[in-house]
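>>> coordinates for the following, if possible.
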Amino acid sequence: MLNTTLDGARAERLLLGLRPVVEEHGLSLGVATAGDPDNAPAGPGEERLLRDMLPARRREFAAGRCAARRALVRAGLPAGEILATGRRPTMPPGSVGSITHTGDTAAAIAAPRRYYRALGIDLELRPLPREAAHVVLTPDERTWANHGPGHEAEGRLLACFSAKEAAFKAFSALLPPEDAPTTLLAIAVRPAPGGFRAWPRRLPDRALDIAVRPLGPGVLSWTAAP
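Purely as a prediction, here's the structure:
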């Protein structure tokens, strides 16, 4: 497996370079890094959530909320406190959004709720070990992902993993708890132009298109449910 990864500054530059691609579909992209001066909580609700978190989780949470507020501002939407339902962010009224963070970097997408019912985003900054395939892909998906040289197989595994993560977030917001997938293996994917088509295995008629773009050694994936 390649051991390369991106530092926060380079990851932020690459993400901002992808902003036009993301935003051509009516989504807004926000980016933040740990230590950003805008990472302060937006109100007492966020402060309460931060209080019980370990330091690493506090940094992730703060950067993620900062990225989400930047996405909301770009969309012309209210950008106050972003609380949580379980681990899922609760966006301000009239908006939908999704947050991802890895290492020191966070990204978020947002849009008016009148255009989309749910969004999902995932950022990965380094490849996955091929040994992780069994927790991400079913045997038929592994057959496709393992075709070709080792570095290509790792790239396909990472793309599948990220696409499923983005789909998981969207389905968690879109579907009632009894129907939403609870593992990545419960989501099926097949390659499609620009990324993947994904659906819950129990609900094959609820498919979403997942966009996947390379980001250095990693990938950025996102989806939107109209």
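>>> state the phi and psi torsions of R19.
phi -50, psi -40 (degrees, to the nearest 10).
>>> show me what contacts it?
Contacts for R19 (Cβ atoms under 8 Å, 6 or more residues apart in numbering) come out as L29. Every residue, glycine included, has its C-beta placed from N, CA and C.
>>> residues in contact with the helix or strand of the chain with the lowest mean pLDDT?
Within the chain, no helix or strand scores below helix 139-145, which has a mean of 85 by mean pLDDT, DSSP states H and E. Applying Cβ under 8 Å, 6+ apart, the contact partners of helix 139-145 are 133-134, 137, 153, 156-157, 160, 188-189, 191.
>>> list only those of those flagged as buried.
The neighbour-count test (16 or more other Cβ atoms under 10 Å) marks 133, 137, 153, 156-157, 160, 188-189 as buried among the contacts of helix 139-145.
>>> circling back: so how far is the least confident helix or strand of the chain from its chain's centroid?
Helix 139-145 has its C-alpha centroid displaced from the chain centroid by 23 Å (Cα atoms, centre = their mean, to the nearest Å).
>>> just stretch 22-35 next, same as before
Stretch 22-35 sits 11 Å away from the centroid of its parent chain (Cα atoms, centre = their mean).
>>> from I82, how far off is the closest residue to V21 other than its chain neighbours?
When the adjacent residues along the chain are set aside, V21 lies closest to R213, with 6.4 Å between them (Cβ to Cβ, 6 or more residues apart in numbering). R213 sits 25 Å away from I82, going by Cβ to Cβ, to the nearest Å.
>>> tally of neighbours for the closest residue in space to P191 that isn't next to it in sequence?
Nearest-residue entry for P191: W144, 7.4 Å, with adjacent residues in sequence omitted and distances by Cβ to Cβ, 6+ apart. Counted with other Cβ atoms under 10 Å, residues neighbouring W144 total 15.
>>> out of the contacts of helix 139-145, which comes closest to D38?
Lowest distance from D38 to the contacts of helix 139-145 (Cβ to Cβ) belongs to C160, with 33.4 Å.
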